[in-house]
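Trainee: here are the coordinates; sequence isn't available:
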């Protein structure tokens, strides 16, 4: 007579459940770090694309273009580096256009709650809650270079900050944590 076992004991179920809980505890931090960097990478890609666009327009139009950020927010702005575009009225099409191709003026924000960090925030301090004036990290000249080396730092809630640097002479953008 054969003795067939028909089921599992409570002890066996507890062992399997314990193994699943341990595996989930090991995998959760890894999954969070993977999904947490996605919005940060999207923000870096957004800024790099706007830098490339500003640089191309500076060369094409023969005038400098400015990329400015509002610290502690996700807002940024690209426009010609000329007073009529930066007089504080936040206009996107000032008068006096000479009939040629209109200048590039972009006011946008970083994706998914990302924000440009102030120096205090990047060092782990507390920054102001809202941004104030535009700070100008990069001006692209008509020869295609940036006026100087520059960097911006951005991040978000629960995400390690990311530093985006641009070399003035070459215009090469690099990122580092």
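Mentor: Right, received. Where do you want to start? Worth saying up front: this structure is predicted, and the values here are computed from it rather than measured.

Trainee: Run through the residues that contact the spatially most central residue of the chain.
Mentor: The chain has residue 43 as the residue nearest its centroid, 2.7 Å off, counting by Cα atoms, centre = their mean. Listed by Cβ atoms under 8 Å, 6 or more residues apart in numbering, the contact set of residue 43 reads 74, 110, 111, 112, 114, 154, 162. C-beta: built from backbone N, CA, C; applies to glycine.

Trainee: Need phi/psi at residue 11.
Mentor: When read as degrees, to the nearest 10, the backbone of residue 11 gives phi -60, psi -40.

Trainee: Could you tell me how many residues sit around it?
Mentor: 8 (other Cβ atoms under 10 Å).

Trainee: separation between residue 23 and residue 15?
Mentor: According to Cβ to Cβ, to the nearest Å, residue 23 and residue 15 sit 13 Å apart.

Trainee: Please apply the same query to residue 146.
Mentor: Remark: distance between residue 146 and residue 15 (Cβ to Cβ) = 61 Å.

Trainee: Between the two, tell me which one has more neighbours.
Mentor: Set side by side, residue 146 and residue 15 show more neighbours around residue 146, with 25 against 12, by other Cβ under 10 Å.

Trainee: Report pLDDT for the more buried one.
Mentor: The model reports residue 146 with a pLDDT of 89.

Trainee: Please name the bridge partners of it.
Mentor: Note on residue 146: beta-bridge partners by DSSP bridges are residue 140.

Trainee: Would you agree it is in contact with residue 165?
Mentor: No - taking contacts as Cβ atoms under 8 Å, residue 146 lies outside contact range of residue 165: 10.5 Å.

Trainee: ok so, going back, and the residue nearest to the centre of the chain, how far from residue 29?
Mentor: Residue 43 is 22 Å from residue 29, by Cβ to Cβ.

Trainee: any idea how far residue 154 lies from residue 69?
Mentor: With distances taken as Cβ to Cβ, residue 154 is found 8 Å from residue 69.

Trainee: Find residues that contact each of these two.
Mentor: residue 116.

Trainee: wait, what's in contact with residue 53?
Mentor: Residues near residue 53 by Cβ under 8 Å, 6+ apart: 78, 104, 106.

Trainee: helix, strand or coil for it?
Mentor: helix (DSSP: H, G, I helix; E, B strand; the rest coil).
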